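In: Structure for this input, please:
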Amino acid sequence: MPTSSPLILVINSGSSSLKFAIYPVGERQPLASGLAERLGQSDASIRIDVDGTKNKNPLTPTNHQGAVDALMAFLKERGWFERVAAVGHRVVNGGERFTESCIVTDDAMIEEIGTCPFAPLHNPAHAIGMRAAVHAFPALKQVAVFDTAFHQTMKPEAYLYALPRKYYRDLGVRRYGAHGTSHRYVSGETIRLLGLDPNDSGVVVCHLGNGSSATAVLNGKCVDTSMGLTPLEGLVMGTRTGDVDYGALAYIAKKTGLDVDGLEKMANRESGLLGLSELSNDCRTLTEAAQAGNHQAEETLDVFVFRLCRYIGALTAALPRLDAVAFTGGIGENSAYIRAKTLKRLSALGLDLDEEANATIFGGKSGIVSRSRKPVAIVVPTDEERVIAEDTARLAGLLPAKA
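Out: Residues are numbered from 1 along each chain as shown. Predicted structure coming up:
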């Protein structure tokens, strides 16, 4: 590629971390990527992956601005700083206000994004990352890419809760979904890899990781998804409950004295795989324990798989037919154990596990893991950063707009 080609910087700012990637405009692979983690703590560090090597160094200062400053120093050291043409940001929730990727216009918009009440663990951190990037690149266009945007094609039948309508009308309480950038990319790649008709296809995408969700995609558009108003609804996750009867939470509150904040903390941070197993929120740790005979770990993973299968079945009902089930995310891409347990439960949908193929797919590989060919089970590594880079380049006028 030309040494002077413009670059897109992609930033995914979390509450205590900041992921980034640097893409030449129009290219599918980044020049470099990395992660600053444990921000706000004395042992904060930044790792940069470039030229096949991983370089890790301590951060000073240890906050988000320190992470961006270290990233800027790296860009200057490489001679890339002046080539950065735009910055793209991942944002978890845009509510009904932001229904597609857009240019960040001013600090008032950043404040609005940061105070979105529906992703309190994520959106405030996105705003911090945006402000740090604006400080570093005051002349460049900053673009926000919203996870919820892909789910805006859901109809009211899919996104409305059966609550008094005034709560939707006055407060915006509805189902927004999450992981939309991943679902958008993986559904598109599934259609491409399987040679499906983009205008006549039905796919269920399962994004499985510490946060997990599943989405029904009809002709490239979301028609239903498992997550709701916040990223708490739906599948069992690392530390989140997924679906739970509100009556159960009310009963726990009455018996233990937990207030609303206490219940929210319990449901978001102390439940899921961690709470049920009483061992770990990491699927790898639980798989090892289950295979070593730990009954509670095995039972926890059975709950995870059962809930996933139930959602795949429910999401299939939102489609006229099912062409493919795609697995992605840290668990979906790497856990042959979870994929096998899942596919063995889905014979009613015509899915048939290919044990030999399934065992070989991990570590960034894609491939079919079923003997059945309609529907097909396929593993597709996600690449949210690439989607963000492409949207950013288009909105910054560096790539043609999509037709």
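
In: give me phi/psi at Ala297?
Out: Torsion angles at Ala297 (phi, psi; degrees, to the nearest 10) stand at phi -70, psi -40.

In: and it, what is it in contact with?
Out: Residues near Ala297 by CB atoms under 8 Å, 6 or more residues apart in numbering: Ser277, Leu279, Leu286, Thr287, Ala289, Ala290. The C-beta positions use only the backbone N, C-alpha and C, and glycine is treated the same way.

In: Just give the number of residues close to the fifth one.
Out: When neighbours are defined as other CB atoms under 10 Å, Ala289 has 19 of them.

In: Same question for Asp170.
Out: Asp170 has 9 nearby residues by other CB under 10 Å.

In: again with Leu346
Out: If you count neighbours by other CB under 10 Å, Leu346 ends up with 22.

In: give me every residue that touches the residue positioned nearest the centre of the chain.
Out: Residue closest to the average C-alpha location in the chain (CA atoms, centre = their mean): His179, at 3.6 Å. Under the criterion of CB under 8 Å, 6+ apart, the neighbours of His179 are Asp147, His207, Gly211, Ser213, Thr215, Met227, Gly329.

In: Go through these and say which is closest to Leu399.
Out: Asp147 (21.3 Å; CB to CB).

In: what are the phi and psi angles of the closest one?
Out: phi -60, psi -30.

In: thinking it is in contact with Asn93, fair?
Out: Yes: contact criterion CB atoms under 8 Å: Asp147 and Asn93 qualify, at 6.8 Å.

In: which neighbours do those two share?
Out: Ala178.

In: circling back to that earlier point, and which of the contacts of His179 is nearest Arg47?
Out: Taking the contacts of His179 together and measuring to Arg47 by CB to CB, the closest member is Gly329, at 20.5 Å.

In: neighbours of the closest one, just the number please.
Out: Gly329: 22 neighbours (other CB under 10 Å).

In: which sections of this structure are below the confidence cut-off?
Out: Residues of the chain meeting the criterion pLDDT under 70: 1-3, 403.

In: Which residue of it lies farthest from its centroid?
Out: The chain, CA atoms, centre = their mean, max distance from centroid: Lys255 (34.9 Å).

In: element containing that one, please.
Out: Assigned by DSSP states H and E, Lys255 falls within helix 246-256.

In: Would you mark the buried spots in that helix?
Out: The neighbour-count check on helix 246-256 (16 or more other CB atoms under 10 Å) flags Leu249, Ile252 as buried.

In: Show me what it is packed against.
Out: helix 260-269 (3 or more CB pairs under 8 Å, 6 or more residues apart in numbering; DSSP states H and E).

In: can you list contacts of the helix it packs on?
Out: Contact with helix 260-269 is made by Leu121, Leu232, Thr239, Arg240, Thr241, Val244, Leu249, Ile252, Ala253, Leu258, Gly275, as judged by CB under 8 Å, 6+ apart.

In: on contacts alone, who are the packing partners of whatever helix or strand comes next after it?
Out: For helix 260-269, the following helix or strand on the C-terminal side (DSSP H and E) is helix 272-277. Secondary-structure packing of helix 272-277 (3+ CB pairs under 8 Å, 6+ apart): helix 283-291, helix 295-316.

In: Mind putting those into TSV with distance to Gly350?
Out: Shown next, in TSV, are the helices and strands packed on helix 272-277 (distance: least, CB to CB, whole Å):
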stretch	distance to Gly350
helix 283-291	26
helix 295-316	10
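
In: Find out how far stretch 170-189 is from the centre of the chain, if you would.
Out: Put simply, stretch 170-189 sits 9 Å off its chain's centre (CA atoms, centre = their mean, to the nearest Å).

In: And the strands in the stretch 301-403 of the chain?
Out: 324-328, 367-368, 376-379 (DSSP state E, counting those that start in this stretch).

In: same deal with the stretch 1-150 of the chain?
Out: 7-13, 17-24, 32-37, 45-50, 53-58, 84-91, 102-103, 141-146.

In: Output those strands as JSON lines; include the columns distance to Leu196 and mean neighbour count.
Out: Listed next are these as JSON lines, based on distance: least, CB to CB, whole Å; neighbours: other CB atoms under 10 Å:
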{"stretch": "strand 7-13", "distance to Leu196": "28", "mean neighbour count": "27"}
{"stretch": "strand 17-24", "distance to Leu196": "27", "mean neighbour count": "22"}
{"stretch": "strand 32-37", "distance to Leu196": "30", "mean neighbour count": "21"}
{"stretch": "strand 45-50", "distance to Leu196": "33", "mean neighbour count": "17"}
{"stretch": "strand 53-58", "distance to Leu196": "37", "mean neighbour count": "11"}
{"stretch": "strand 84-91", "distance to Leu196": "27", "mean neighbour count": "24"}
{"stretch": "strand 102-103", "distance to Leu196": "30", "mean neighbour count": "16"}
{"stretch": "strand 141-146", "distance to Leu196": "25", "mean neighbour count": "25"}
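
In: Redo these as a markdown table? Include distance to Arg184.
Out: What follows is these, written out as a markdown table (distance: least, CB to CB, whole Å):
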| stretch | distance to Arg184 |
| --- | --- |
| strand 7-13 | 15 |
| strand 17-24 | 17 |
| strand 32-37 | 20 |
| strand 45-50 | 24 |
| strand 53-58 | 29 |
| strand 84-91 | 12 |
| strand 102-103 | 16 |
| strand 141-146 | 10 |
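
In: With mean neighbour count and distance to Leu171 as added columns, please give the strands of the stretch 301-403 of the chain in TSV.
Out: Shown next, in TSV, are the strands of the stretch 301-403 of the chain (neighbours: other CB atoms under 10 Å; distance: least, CB to CB, whole Å):
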stretch	mean neighbour count	distance to Leu171
strand 324-328	27	32
strand 367-368	16	44
strand 376-379	24	39
